[in-house]
Structure formats: C-alpha cells, structure tokens
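Colleague: Sequence plus the predicted model coming up.
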Amino acid sequence: MCRNIKTLFNFEPPATEDEIHASALQFVRKLSGFNKPSQANEEAFDRAVAEVSDAARRLLTLLHTHAPARDREIEAEKARERSRQRFG
C-alpha cells in the first residue's frame, strides 16, 4: 500500500488537496490494516485521515529547499522508464 504514497514536496505545481488526502488515506490504511473500516471504526478512521492530512499540509508549507522545483511530467516519465526497465 505505501508504494502508492508519492513524494509531494518540491514540485511545480505544488501538491493539491486531493494528493495530500490520498497520501493520508494510504498512510492510515497501512497503519490500521483496513482498506475500508467497519461502521464501528469509521469515525476514528476518518478523523485519523483528516489529522494526517492536516499534518502533511503543515509539513509541506514549512519545508524549504534551495533545489529547483521538479516537474511532475518529467518525474512521471522517469518512473515509467524505470518500470519499463524493471518489468520489460
């Protein structure tokens, strides 16, 4: 599951709310072991996703770098090329 969590820092354009939420959701899924929680656990699960999203958003706004921002399309092409080399 964690392989689906993407690096969100230092990209142009910056990470969207949807990307931050998706990463938080994957993280909480991994920690809890639930892909979809039961009704009894749904409130705690949803609260955890919201809190992790908030923490991730704060982290992304506080981080600084001198490196130039990476382009999403270029990074995606690099990943596709690595996949082609790995899986043929």
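Modeller: That came in fine, so what should we check first?
Colleague: ok, now which ones touch the most centrally placed residue in the chain?
Modeller: When C-alpha atoms, centre = their mean is applied to the chain, the residue found nearest the centroid is residue 23 (2.8 Å). Residue 23 is in contact with 5, 6, 8, 56, counting by C-beta atoms under 8 Å, 6 or more residues apart in numbering. Quick note: C-beta positions are derived from backbone N, CA and C, even for glycine.
Colleague: all strands for the protein, in order.
Modeller: Along the chain, the stretches classed as strands by DSSP state E are 11-12, 70-71.
Colleague: Present these as JSON lines; the columns should include mean neighbour count and mean pLDDT.
Modeller: Putting the strands of the chain into JSON lines (neighbours: other C-beta atoms under 10 Å; pLDDT from 0 to 100) gives the following:
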{"stretch": "strand 11-12", "mean neighbour count": "12", "mean pLDDT": "88"}
{"stretch": "strand 70-71", "mean neighbour count": "13", "mean pLDDT": "90"}
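Colleague: Just put these in JSON lines and tack on distance to residue 48.
Modeller: Putting these into JSON lines (distance: least, C-beta to C-beta, whole Å) gives the following:
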{"stretch": "strand 11-12", "distance to residue 48": "25"}
{"stretch": "strand 70-71", "distance to residue 48": "29"}
